[in-house]
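> let me see the structure of the following:
(2 chains)
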Amino acid sequence: MTAQIRPGTAACPGCIAAPAEPVQPVPEDVQIALSLPGIHCSACIATVERELNAVPGVESARVNLTLKRAMVQAGPDVRAADLIPVLERAGYEAHELDASALTATQADKAGRDLLMRLAVAGFASMNVMLLSVSVWSGASDATRDMFHWISAAIAFPAIAFSAQPFFVNAWSALRVRRLNMDVPIVLAILLALVTSLWETSLSGEHAYFDAALTLTFFLLAGRYLDYRTRAVARSAAEELAALEVPRAIRVTDGAEEEVAVSALTVGDLVRVRPGGRMPVDGEIVSGRSELDRSLLTGETLPVFAEPGQSVSAGEVNLTGPLTIRATAVGQDTSLHRMADLVAIAESGRSRYTSLADSAAKLYAPGVHILSALSFVGWFLYSGDIRTALNIAAAVLIITCPCALGLAVPAVTTAASGRLFRKGMLIKHATALERLAEVDTVVFDKTGTLTAGTPELTNLGEHSRSDLEIALALAGASSHPLSQSLAQAAREAGIKPARVEDIVEVPGYGAEGQYRGQRVRLGRAAWVGAEQGQQTAAWLAVGDRAPVAFLFTDSLRPGAAEAVSALRQAGKDVVLISGDAEAAVAALAERLGIDNWQAEALPEDKARRVQALTDAGHKVLMVGDGLNDTAALAAAHVSISPASALDAARVASDIVLLGTDLSPIADACETAVKATRRIRENFRIATVYNVIAVPLAVAGLCSPLIAALAMSTSSITVSLNALRLR
Amino acid sequence: MEVLAYLIPISLLLGGVGLAAFIYTVRSNQYDDPEGDARRILSNQWDDKPKP
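This is a model prediction of the structure:
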């Protein structure tokens, strides 16, 4: 829902030109970011760039097809609202993105940094490998020494530069007296370098420069894959956040001006147009309208709004313009207070240990003990510290978690890529592992299982003339019920009646004159009818008894498939909603969900999820509203649709990009498969170790065997991960 | 074996050129839009004259 409703920008040219206080110096050039979800070919690129460049004031426009985005460099008087119609006329859907929310450039720097280190490690390891191959194939005496010295000259600066991330991580773990995967890595690299240098200076036979470099290269490759996966998810998540440009219309002495929401203070008068979202908590000063609270409470029935009533940030204004006086802004709004609930719930989740971490916990001490034991053993046996050190280094290199470092990121990259193509965004690194364990699925109703758009249910019960009048009145209104009614009537082939003097009465409905009679379409109380349990719009023609048009929330596409697929997979499906009992019961029956709860407060939802967790269930929570955020954060793993409120998306691990819900069941299956692959990869890596470690401990491991074992295990692990695509 | 005195510097140099070229492409944002660039090259829009 959020994706479509956007606050109207540029009220009128006059408001923009109005002398606003200098909040910030006007920049010479503005950078406008536009999201273009519909572009897909080279013709699109050419058209969009041509159209944008033709707009006066635009200096340059460049389309990025990978991100489906256009960046426009323009003069200070060009606004996104001027560019969007231009593109729409050319046939492309365009949305403004909040350029400040897109921190892509900053994130990119870290990625670029890793890529650079990877390139240096790759270059150095290939050169050193060439030199090593000639050593293995029989270079001896002075030639071998020279090759070793050259290798050392390449390896030392290359490792000093490219292995920095490992050094930093290992140091930060050691400083708090803990062990992580990076500690054995760093130890292996350093020990290999030092013993090799020592050997070289004594014209020894074995040098492990190539092993140290290939190790760095493979591990960096794993890190880079890991980073890429998360960067893709983060940039898509950022884009969703950037779609909501945080602006509000402030009224000062009767003049309207558009300001950033962060600039509002308590006591400001804020105008909210129909279709707009409340930027702050406040009290209505003037205007009458209806409010859609579904994202906050899950209620589908719009609430009547009149002066004196208080509103919360996040509610959507439906019919008439409202002016509100801000009573709480920014961090104090109810929207943000809800975020505190989330923070509390989230602290529970951070206790999850990922597969990689638990493997590292077993692995790191084992490696160190093994290596130390072989050092001590050989020192006692041969009395030669050089031999002993050499063998200890060989053991560390062989056991170094090269394949382990690749085992998880390679699988997560493949699985996330597969799910991304199906429209799911994996935001959290361990989300897939957690998703694989799920046995209970909790759904929210409004906006999650239902699309949040009303659907007329009793079109057939009305006479044709009533429908014609209703269509004429509904066609003039932008209220969601009216629009749905008008659409349904038009699809049934109804032509609007000639109703004259139609006026929309904000908060109540629409009124007009039809053949000398007053006709009204709107709220029950306004037309003189009794409000029932179900969402309804009432039509009153003259003095005749009003008739009701009943609505239900239409099901989201794929909702029924998702629920039945999840049940088939043996998972419990639970429905918890803040909506009225009748509506929830009807939906539960339609989808075949036996276990449901209505009129649940946000705390109830979170408590229910917590209770399920305490009973030993692994809960997947699917929800979109603010009332779901605490439950989303409390669940083992959570999914929210792209239309969800920002706070809900932030609290969840996975975001559904499309409107279709059916990928959820599929995602669970993919997650199970991915976890199985990860475990398989661990096993493969262990098998290689089991074969090579005895050789290393026995002192039979040459640098050639080390290089072979390391490369083959890394490649097998990557190939195994690719089977998931 | 004197040939090594030439070959090793040459191989290092060539590898270094490759590395430098790669670093140049990363620094000049050439991997920002792989999909778009793959399609742009097929467009004949600026075939006759360079983009102003």
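> go ahead and confirm residue A:415 touches residue A:668.
No. Contact criterion C-beta atoms under 8 Å: residue A:415 and residue A:668 do not qualify, at 11.9 Å. Every C-beta, even on glycine, is put in place using the N, C-alpha and C of the backbone.
> who has more neighbours, those two?
More neighbours surround residue A:415 than the other of residue A:415 and residue A:668, with 26 against 23 (other C-beta atoms under 10 Å in any protein chain shown).
> what's the closest non-adjacent residue to the more buried one?
With C-beta to C-beta, 6 or more residues apart in numbering or on different chains as the criterion, residue A:415 has its nearest non-adjacent residue at 3.9 Å, and that residue is residue A:674.
> name the helices or strands packed onto the helix or strand where the one you found lies?
Assessed by DSSP states H and E, residue A:674 sits inside helix A:663-697. Packing partners of helix A:663-697 (3 or more C-beta pairs under 8 Å, 6 or more residues apart in numbering or on different chains; DSSP states H and E): helix A:355-382, helix A:385-399, helix A:402-421, helix A:431-436, helix A:559-568, strand A:654-656, helix A:703-722.
> how about a markdown table for those, with mean pLDDT added?
Output for the helices and strands packed on helix A:663-697, formatted as a markdown table (pLDDT from 0 to 100):
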| stretch | mean pLDDT |
| --- | --- |
| helix A:355-382 | 84 |
| helix A:385-399 | 84 |
| helix A:402-421 | 81 |
| helix A:431-436 | 87 |
| helix A:559-568 | 88 |
| strand A:654-656 | 84 |
| helix A:703-722 | 83 |
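> any idea which of the ones you listed is most buried?
Among the helices and strands packed on helix A:663-697, judged by mean count of other C-beta atoms under 10 Å in any protein chain shown, the one packed with the most neighbours on average is strand A:654-656 (a mean of 26).
> can you list the residues that contact that one?
By C-beta atoms under 8 Å, 6 or more residues apart in numbering or on different chains, the surrounding residues in contact with strand A:654-656 are A:236-237, A:240, A:423-428, A:431, A:435, A:637-642, A:644, A:649, A:663-664, A:667.
> go with 10 Å
Residues from elsewhere that reach strand A:654-656, judged by C-beta atoms under 10 Å, 6 or more residues apart in numbering or on different chains: A:233, A:236-237, A:240, A:416, A:419, A:422-428, A:431-432, A:434-435, A:448, A:556, A:558, A:620, A:622, A:624, A:637-644, A:648-649, A:662-664, A:667, A:671.
> in its sheet, what does that strand sit against?
strand A:424-426 (antiparallel), strand A:637-641 (parallel) (DSSP bridges).
> between the helix or strand where residue A:167 lies and helix A:402-421, how big is the angle?
Using DSSP H and E, residue A:167 falls within helix A:164-175. Angle, helix A:164-175 to helix A:402-421, by axes from the mean of the first three to the mean of the last three C-alpha atoms, to 10 degrees: 110 degrees.
> now do helix A:164-175: distance to the chain's middle.
In terms of C-alpha atoms, centre = their mean, to the nearest Å, the centre of helix A:164-175 is found 29 Å from the chain centre.
> repeat that for stretch A:490-507.
Centre-to-centre, stretch A:490-507 and its host chain are 41 Å apart (C-alpha atoms, centre = their mean).
> now it: buried residues?
Judged by neighbour count (16 or more other C-beta atoms under 10 Å in any protein chain shown), stretch A:490-507 contains these buried residues: A:494, A:496-497, A:499, A:502, A:504-507.
> what strand or helix carries the closest residue to residue A:535 other than its chain neighbours?
The shortest distance from residue A:535 to any non-neighbouring residue, by C-beta to C-beta, 6+ apart, is to residue A:551 (4.5 Å). Here residue A:551 sits within strand A:547-555, counting by DSSP H and E.
> I'd like to know which elements the helix holding residue A:167 is packed against.
Taking 3 or more C-beta pairs under 10 Å, 6 or more residues apart in numbering or on different chains; DSSP states H and E as contact, the helices and strands that helix A:164-175 lies on are helix A:104-136, helix A:141-162, helix A:182-201, helix A:209-242.
> list the buried ones in it?
In helix A:164-175, counting by 16+ other C-beta under 10 Å, buried: A:165-167, A:169-170, A:173.
> pretty sure residue A:561 sits against residue A:449.
No. Between residue A:561 and residue A:449 there is no contact under C-beta atoms under 10 Å: 11.7 Å.
> shared neighbours of these two, anything?
residue A:661.
> so where is the stretch 551-700 of chain A shaky, pLDDT-wise?
For the stretch 551-700 of chain A, applying pLDDT under 70 flags the ranges A:645-647.
> just the closest residue of it to chain B, please.
residue A:657 (17.3 Å; C-beta to the nearest C-beta).
> quick check: phi and psi on that residue?
Main-chain torsions, residue A:657, degrees, to the nearest 10: phi -80, psi -40.
> against residue A:641, how distant is it?
Look at residue A:657 and residue A:641: by C-beta to C-beta, to the nearest Å, they are 8 Å apart.
> more crowded one of those two?
Using other C-beta under 10 Å as the criterion, residue A:657 and residue A:641 rank with residue A:641 on top: 27 against 18.
> so who does the more buried one touch?
For residue A:641, the contact set (C-beta under 10 Å, 6+ apart) comprises A:1-3, A:444, A:447-448, A:451-452, A:556, A:622-624, A:648-649, A:652, A:655-661.
> quick one, what contacts whichever residue of the stretch 151-300 of chain A sits closest to chain B?
Closest contact between the stretch 151-300 of chain A and chain B, by C-beta to the nearest C-beta, is at residue A:154 (7.8 Å). Each residue near residue A:154 by C-beta under 10 Å, 6+ apart is listed here: A:123-125, A:127-128, A:131, A:209, A:213, B:12, B:15.
> apart from its neighbours in sequence, what residue is nearest it?
residue A:124 is the one closest to residue A:154 (C-beta to C-beta, 6+ apart), at 5.1 Å.
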